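>>> here is my input; please provide its structure:
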Amino acid sequence: MNNTVLISILISLGVNEFLGFTDWLADRLTRWAARRWEAKTGFDHLEEWLEDLEHSPGRLFKVLSASWMLLGTFVNVERLTLNLPSL
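Residues are numbered from 1 along each chain as shown. A predicted model of the protein is given here:
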């Protein structure tokens, strides 16, 4: 059962990689995140973020980056940073 779930997830990720759905999703998530950040801070980051997204390698990485930006609008930013000890 677990192998079937894993295989189906991998196949769906592969299909998304080739069909371009991920590009559309990353663009929509970035636009949504920029609107929410603008409402929170008053700064418009849309053009910068879309340019960064355009130069990002891989389609799945773009979706992960856009999701991370969107997550920052829902979660306190301090919780998203790594609290590593300084040397």
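>>> so how many other residues sit close to the nearest residue to residue 23 once chain neighbours are set aside?
If you skip the residues right next to it in sequence, residue 23 has residue 59 as its closest partner in space, 6.0 Å away by C-beta to C-beta, 6 or more residues apart in numbering. Every residue, glycine included, has its C-beta placed from N, CA and C. Per other C-beta atoms under 10 Å, the neighbour tally for residue 59 reads 19.
>>> try the one 5 residues further on
In terms of burial, residue 64 registers 15 neighbours under the definition other C-beta under 10 Å.
>>> the one helix or strand residue 18 maps to: what's the following helix or strand?
The secondary structure element spanning residue 18 is helix 2-19 (assigned by DSSP states H and E). Sequence-wise, the next helix or strand downstream of helix 2-19 (DSSP H and E) is helix 21-41.
>>> and that next one, how far out from the chain's middle?
Centre-to-centre, helix 21-41 and its host chain are 9 Å apart (C-alpha atoms, centre = their mean, to the nearest Å).
>>> who touches it?
Outside of helix 21-41, the residues that reach it under the criterion C-beta atoms under 8 Å, 6 or more residues apart in numbering are 16, 43-46, 49-50, 53, 59-60, 62-63, 65-67, 69-70, 72-73.
>>> sorry, back to before: and the helix holding residue 18, what does it pack against?
Here helix 2-19 touches helix 59-74, going by 3 or more C-beta pairs under 8 Å, 6 or more residues apart in numbering; DSSP states H and E.
>>> just the CA atoms of the helix it packs on, as CSV, please.
As requested, the backbone C-alpha atoms of helix 59-74 are provided in CSV (Å, rounded to 0.1, in the frame of the first residue of the first chain):
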residue,chain,number,x,y,z
ARG,A,59,9.6,24.0,-11.8
LEU,A,60,9.1,22.3,-8.4
PHE,A,61,11.6,24.7,-6.8
LYS,A,62,9.5,27.6,-8.1
VAL,A,63,6.4,26.2,-6.4
LEU,A,64,8.4,25.6,-3.1
SER,A,65,9.7,29.1,-3.2
ALA,A,66,6.3,30.6,-3.8
SER,A,67,4.8,28.5,-1.1
TRP,A,68,7.5,29.7,1.3
MET,A,69,6.7,33.3,0.5
LEU,A,70,3.0,32.7,1.0
LEU,A,71,3.7,30.9,4.3
GLY,A,72,5.4,34.0,5.6
THR,A,73,2.1,35.9,5.3
PHE,A,74,0.3,33.4,7.6
